[in-house]
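Chemist: structure, please.
(one chain, ligands or ions: 1)
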Amino acid sequence: MVPLTTRLTSLLGVRTPVISAPMAGASGGELAAAVAQGGGFGFIQAGYQSKQKLKEELEKAKAILGVSSLQRAPIGVGFISWILEAEGASSNDLLDTALESRVNAIWLAFGNDIGRWVAYVREYDRRQADGHKTLVFVQLSSEEEAAGAVNNWKVDVLVAQGIEAGGHGRASAPPLLTLISSLLNTIPEEGPPIVAAGGLANGAHVAACLTLGASGVAMGTRFLLTPESLYTDAQKKALISAGSNSTVRTLAFDRARGTLGWPTGIDGRALMNQTVKDLEAGVPIEEVQKLFQRSIQDGDPDRMLVWAGTGVALMNQIKGAANVVTELHQETVQHLERAVFIRSAA
Ligand SMILES: Cc1cc2nc3c(=O)[nH]c(=O)nc-3n(C[C@H](O)[C@H](O)[C@H](O)COP(=O)(O)O)c2cc1C
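Modeler: Numbers count the residues shown, from 1 in each chain. Next comes the predicted model:
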């Protein structure tokens with residue numbers, strides 16, 4: 001396989017500059033391990049999980065990869081910062097569960113006090129004094145956030161999340177192409193590598209991001225359509241049926257399920273359905289919540305929650321996550337080679 005060496009692959013020790021983003025309700029140990037087996041880097045999402053559940057997912061990944069410590073595996077754990085901030089002391093337990101596994105990376109997003117958790121990770125590593133450095137990824141959507149992450153928190157990787165992204169994100173995020181370029185203009189060359197996220201579906205997209213100057217990509221929605229993701233069959237079927245105009249940015253699903261602790265300015269991109277329409281039309285929240293709960297049990301696409309990025313329109317197949325990574329690698333190489341050929345032929 002033709003190598004795709006970037007600052008990110010060197011930092012993570014992986015073959016392919018593709019990361020599966022930590023996705024609440026979808027990214028467990030099985031998915032992260034499969035991505036790692038394919039040559040990419042896989043994140044497990046701690047999200048709304050208990051310490052016990054996270055431990056189980058970490059054990060699952062270790063068993064699949066046949067390693068005794070995740071220090072030797074390209075696996076990380078993602079945290080939703082506002083949940084850590086709301087949970088108080090038990091948040092330290094949740095973080096410690098990942099850190100005790102000596103995972104290679106921690107991903108933080110969506111909080112008012114992300115710097116506190118970066119400091120916590122650094123302090124944990126300092127106390128262990130075993131030479132292991134946990135890499136810190138922070139997902140963000142503006143130059144201001146990036147400046148803080150680089151100058152104040154000294155993070156290891158910036159994940160630039162564009163408006164196209166599935167799941168939660170900044171409602172005012174610029175489109176990904178603009179965001180990557182503006183971050184590259186602001187971040188010093190020796191600053192952390194930038195990973196592009198949002199709406200990416202195939203190797204042409206990965207090649208485009210690398211060409212722009214990103215060191216890799218993080219994909220979410222693409223990895224929902226794998227046997228290893230924790231999404232239900234009904235959710236996967238809805239993703240396969242989705243087209244170019246099927247997604248919407250909204251807080252309707254958070255209202256329907258009662259997860260309203262998101263920092264100001266954060267909403268989420270999901271498949272549009274009756275739950276959103278009802279709330280917009282002023283149907284009483286209690287009624288919407290009742291129907292929404294029923295839709296989860298029934299797998300009813302007209303009301304259930306399916307987070308999805310704009311790239312969903314280009315996805316029509318469920319495929320093993322390791323294969324997804326291998327194919328993305330090959331497609332990316334093909335697209336880059338074609339671009340080089342055009343340049344040298346001119
Ligand atoms: C189902 C789903 C759940 C997500 N959950 C999280 C999360 O818990 N934490 C996080 O930082 N990002 C989360 N995201 C956003 C991803 O980190 C990433 O930015 C996004 O998936 C990229 O866009 P794409 O889905 O179009 O590839 C989620 C995305 C999806 C699709």
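Chemist: can you tell me which residues contact residue 317?
Modeler: 225, 240 (CB atoms under 8 Å, 6 or more residues apart in numbering). Every C-beta, even on glycine, is put in place using the N, C-alpha and C of the backbone.
Chemist: ok, now residue 157?
Modeler: Neighbours of residue 157 in contact, by CB under 8 Å, 6+ apart: 8, 11, 105, 135, 136, 137, 138, 192, 193, 194, 195.
Chemist: ok, it to residue 118 distance?
Modeler: 12 Å (CB to CB, to the nearest Å).
Chemist: what is in contact with those two at once?
Modeler: Common neighbours of residue 157 and residue 118 (CB under 8 Å, 6+ apart) are 136, 138.
Chemist: residues near the residue nearest to residue 6 when sequence neighbours are not counted, how many?
Modeler: The spatially closest residue to residue 6, leaving aside those adjacent along the chain, is residue 215, at 4.3 Å (CB to CB, 6 or more residues apart in numbering). Residue 215: 21 surrounding residues under other CB atoms under 10 Å.
Chemist: so for residue 215, what's the pLDDT?
Modeler: Note on residue 215: pLDDT of 98.
Chemist: next one: residue 343
Modeler: Reported pLDDT for residue 343: 66.
Chemist: max-length helix in the protein?
Modeler: Ranked by residue count, the top helix of the chain under DSSP state H comes out as helix 321-345.
Chemist: buried ones in that one?
Modeler: Residues of helix 321-345 classed as buried by neighbour count (16 or more other CB atoms under 10 Å): 321, 322, 324, 325, 326, 328, 329, 331, 332, 333, 335, 336.
Chemist: next up, the contacts around the fourth one.
Modeler: Contacts here follow CB under 8 Å, 6+ apart; on that basis residue 325 touches 16, 18, 35, 38, 39, 40.
Chemist: which strand residues bridge the second one?
Modeler: Here residue 18 sits in beta bridges with residue 217, going by DSSP bridges.
Chemist: returning to what we had before: take the buried residues of helix 321-345 and lay them out in a markdown table including pLDDT and distance to residue 290.
Modeler: Below are these laid out as a markdown table (pLDDT from 0 to 100; distance: CB to CB, whole Å):
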| residue | pLDDT | distance to residue 290 |
| --- | --- | --- |
| 321 | 98 | 35 |
| 322 | 98 | 41 |
| 324 | 98 | 37 |
| 325 | 98 | 41 |
| 326 | 98 | 44 |
| 328 | 98 | 41 |
| 329 | 98 | 46 |
| 331 | 98 | 45 |
| 332 | 98 | 46 |
| 333 | 97 | 51 |
| 335 | 95 | 48 |
| 336 | 95 | 51 |
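Chemist: out of those, who's nearest residue 2?
Modeler: Lowest distance from residue 2 to these (CB to CB) belongs to residue 333, with 4.6 Å.
Chemist: so stretch 71-86, near the ligand or not?
Modeler: Yes: Stretch 71-86 reaches the ligand (CB under 6 Å from any ligand atom) through 78, 80.
Chemist: ChimeraX command for the buried members of the contacts of residue 157?
Modeler: Applying 16+ other CB under 10 Å to the contacts of residue 157 leaves a buried subset, and the ChimeraX line that selects it is:
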select :8,11,105,135,136,137,138,192,193,194,195
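Chemist: narrow the contacts of residue 157 to those in strands?
Modeler: Among those, the members falling in strands (DSSP state E) are 105, 135, 136, 137, 138, 194, 195.
Chemist: thanks a lot, catch you later.
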